[in-house]
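J.: Provided below are the primary sequence and the corresponding predicted coordinates.
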Amino acid sequence: MDNVYAIAAGEIAREAGQFLKHFSDGHRLAVENKGCDFDFVTNADRESQRLIASRLKARFPEHRFVGEEDGLSDAEVAEILKSGDYCWVCDPLDGTVNYIHHLGLYATSIGLVKDGVAVAGAIYLPEPDELFVAARGEGATLNGRPIHTTGCADLRHAFVSADVAAADLSRRDENLERIKRVGLAVGGLRIEGSACVCIAQTACGRQDAYWNLGLHAWDVAAGIVILEEAGGAVANVFAGPFGFDMKRGFLCAASGQLVEAFGEVVKR
Ligand code: IPD
Ligand code: CA
Ligand code: CA
């Protein structure tokens, strides 16, 4: 891959991920509640965002930047992403709850969006040292090798993952109902606690689909281009067109047919 944006995203995602992996060598992890029942942020999230923002600003001073810890609303982010400006959208630590519990499923994610389209991005998983990179029209790679989705089209045989939307207790019921419905229709279901990890796993064929009603642009910007370049499809949870306003959630799958089959079950 010789796309300058994808290469930069990959290098910076890896640097921030390694920083997170070794954070406890030099710092004590400080956990804060963000206001919702189970929504946490740590000093590691904040430091990682500082690192990513400063590296991107140094390389691409003319580009805009949105990070999760800036605290912008979905509507504000969607407005910025519609503009013709290049905008980097980053999640400095996806899977914060896993990270706090020393569970290795967490990632850094850096995507580049222009005119509402994700054009390049990288997701890095520090524990297995896996770097997923893609640029629009140039394919997707894992540690430098091309990756492809399974192409699975059959819901009955699909191995999928979801999230419980744990942050907001009032929405757990609704989500667990949906998880039960989809869980009964598919081949296998996992709940892993990191949207970026799940999207990357779908892109490289380790699973067939992932959905979540409570995501934000920074959770998916890099994942969308990686997944689509690997042959997968993205939609809202009800299989309608995906939008960065995030109003109807995020669904990705190994094929367009699988996205449609999902919509049928979720809408029921
Ligand atoms: C969260 C994770 C989690 C998902 C949440 C996200 P964070 O991101 O991706 O799996 O269920 O909706 O907010 O807070 O760890 O960056
Ligand atoms: Ca996230
Ligand atoms: Ca995060």
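T.: All right, it came through fine. Ligands and ions are numbered 1, 2, ... in the order given.
J.: near ligand 1, which residues of the stretch 101-250 of the chain show up?
T.: Contact residues (CB under 6 Å from any ligand atom) of the stretch 101-250 of the chain with ligand 1: 163, 165, 193-195, 212, 214-215, 219. No exception for glycine: its C-beta is placed from N, CA and C like everyone else's.
J.: sort out which of these are in strands and list them.
T.: Of the positions in these, residue 212 sit in strands, assigned by DSSP state E.
J.: export the residues of the stretch 101-250 of the chain next to ligand 1 as CSV, with columns for pLDDT, neighbour count and distance to residue 31.
T.: Converted to CSV, those look like this (pLDDT from 0 to 100; neighbours: other CB atoms under 10 Å; distance: CB to CB, whole Å):
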residue, pLDDT, neighbour count, distance to residue 31
163, 89, 22, 20
165, 69, 21, 20
193, 95, 21, 15
194, 97, 28, 17
195, 98, 28, 20
212, 92, 22, 22
214, 88, 17, 20
215, 94, 22, 21
219, 98, 24, 20
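J.: what is the nearest of the residues of the stretch 101-250 of the chain next to ligand 1 to residue 230?
T.: Among these, residue 195 lies closest to residue 230 (CB to CB), at 16.3 Å.
J.: I'd assumed residue 213 was in contact with residue 175.
T.: Yes - applying CB atoms under 8 Å as the test, residue 175 and residue 213 come out as touching, 6.3 Å apart.
J.: how much space between residue 226 and ligand 3?
T.: 17 Å (CB to the ion, to the nearest Å).
J.: residue 211 too?
T.: In terms of CB to the ion, residue 211 sits 18 Å off from ligand 3.
J.: what sits against that residue?
T.: 160, 162, 182, 237, 249-252, 262, 266 (CB atoms under 8 Å, 6 or more residues apart in numbering).
J.: now do the same contact list for the residue most central in space within the chain.
T.: Most central in the chain under CA atoms, centre = their mean is residue 196, positioned 3.1 Å from the mean C-alpha point. Neighbouring residues of residue 196 by CB under 8 Å, 6+ apart: 91, 94-95, 107-109, 123, 219, 222-223.
J.: so which bits of the chain are right by ligand 2?
T.: Residues of the chain lying near ligand 2 by CB under 5 Å from the ion: 91, 94, 219.
J.: quickly check: stretch 22-40 near ligand 3 or not.
T.: No - Stretch 22-40 lies out of reach of ligand 3 by CB under 5 Å from the ion, never closer than 9.4 Å.
J.: in that stretch, what's buried?
T.: Neighbour-count burial for stretch 22-40 flags residue 23 (criterion: 16 or more other CB atoms under 10 Å).
J.: cool, and stretch 244-255?
T.: For stretch 244-255, the neighbour count (16+ other CB under 10 Å) marks 244, 246, 248-255 as buried.
J.: what about ligand 3: which of the residues of the chain next to ligand 2 touch it?
T.: Among the residues of the chain next to ligand 2, the ones lying near ligand 3 by CB under 5 Å from the ion are 91, 94.
J.: looking at the residues of the chain next to ligand 2, spot the one nearest residue 102.
T.: Using CB to CB, those come closest to residue 102 at residue 94, 15.9 Å.
J.: ok, now how distant is the spatially closest residue to that closest one that is not a sequence neighbour from residue 17?
T.: Once flanking residues are discounted, residue 94 sits nearest to residue 196: 4.1 Å by CB to CB, 6 or more residues apart in numbering. Separation of residue 196 from residue 17 (CB to CB, to the nearest Å) stands at 11 Å.
J.: mutual contacts of the two, please.
T.: Common neighbours of residue 196 and residue 17 (CB under 8 Å, 6+ apart) are 107-108.
J.: and the stretch 51-200 of the chain, which residues reach ligand 3?
T.: Counting by CB under 5 Å from the ion, the stretch 51-200 of the chain sits next to ligand 3 at 68, 91, 93-94.
J.: outline the domain layout of the chain.
T.: Recorded structural domains for the chain (assignment: automatic domain parsing) are 4-146, 155-266.
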